[in-house]
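J.: only geometry, no sequence info:
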Ligand SMILES: C[S@@+](CC[C@H](N)C(=O)[O-])C[C@H]1O[C@@H](n2cnc3c(N)ncnc32)[C@H](O)[C@@H]1O
């Protein structure tokens with residue numbers, strides 16, 4: 001298990017090099033610092049990177065403004081699931 005994680009620098013507001021989709025994304029306490037249009041765009045991009053049924057974890061002071069618009073449903077205060 002220890003050999004599986006890969007750590008890399010990623011600018012959320014630039015192009016992303018990841019090709020695949022993810023079962024879970026933790027993006028906590030970062031998006032809150034961006035303006036509203038940037039937040040909206042990022043939630044959509046993160047949702048696109050989730051596989052069906054995958055989970056997005058955000059910070060306790062963050063909220064996806066229009067989860068359904070990006071195919072997410074809120075399942076707990078800081079957890080969203082991508083629709084199947
Ligand atoms: C308050 S810290 C939160 C760190 C961590 N996610 C946590 O919850 O403890 C905000 C982080 O956002 C990062 N950050 C700011 N702008 C970013 C961007 N455009 N892309 C990726 N990370 C960014 C900063 O480097 C900083 O590490």
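T.: That came through fine. As the structure is a prediction and not an experimental result, all values here were calculated from the model.

J.: tell me, what residue is most central in this structure?
T.: The centre of the chain sits closest to residue 46, judged by CA atoms, centre = their mean, with a distance of 3.7 Å.

J.: That residue sits in which helix or strand?
T.: According to DSSP states H and E, residue 46 maps onto helix 36-48.

J.: neighbouring contacts of that helix?
T.: By CB atoms under 8 Å, 6 or more residues apart in numbering, the residues outside helix 36-48 that reach it are 12-13, 16, 25, 27, 31-32, 34, 56, 64-67, 69-72, 80, 82. In this view, the C-beta of every residue, glycine as well, is placed from N, C-alpha and C.

J.: just to revisit the earlier point, what's the per-residue pLDDT of the residue nearest to the centre of the chain here?
T.: Looking at residue 46, its pLDDT is 98.

J.: what does residue 84 give?
T.: Note on residue 84: pLDDT of 87.

J.: residues contacting it?
T.: 52, 53.

J.: Filter the contacts of helix 36-48 down to the buried ones, PyMOL style.
T.: Applying 16 or more other CB atoms under 10 Å to those leaves a buried subset, and the PyMOL line that selects it is:
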select buried, resi 25+27+31+56+64+67+70+71+72+80+82
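
J.: could you pick out which of the contacts of helix 36-48 are near the ligand?
T.: 12, 13 (CB under 6 Å from any ligand atom).

J.: what does this structure put close to the ligand?
T.: Residues of the chain lying close to the ligand by CB under 6 Å from any ligand atom are 10, 11, 12, 13, 28, 29, 30, 59.

J.: out of everything not next to it in sequence, what's closest to the third one?
T.: Okay, so that is residue 12. Residue nearest to residue 12 in three dimensions, not counting chain neighbours: residue 42, with 6.0 Å by CB to CB, 6 or more residues apart in numbering.
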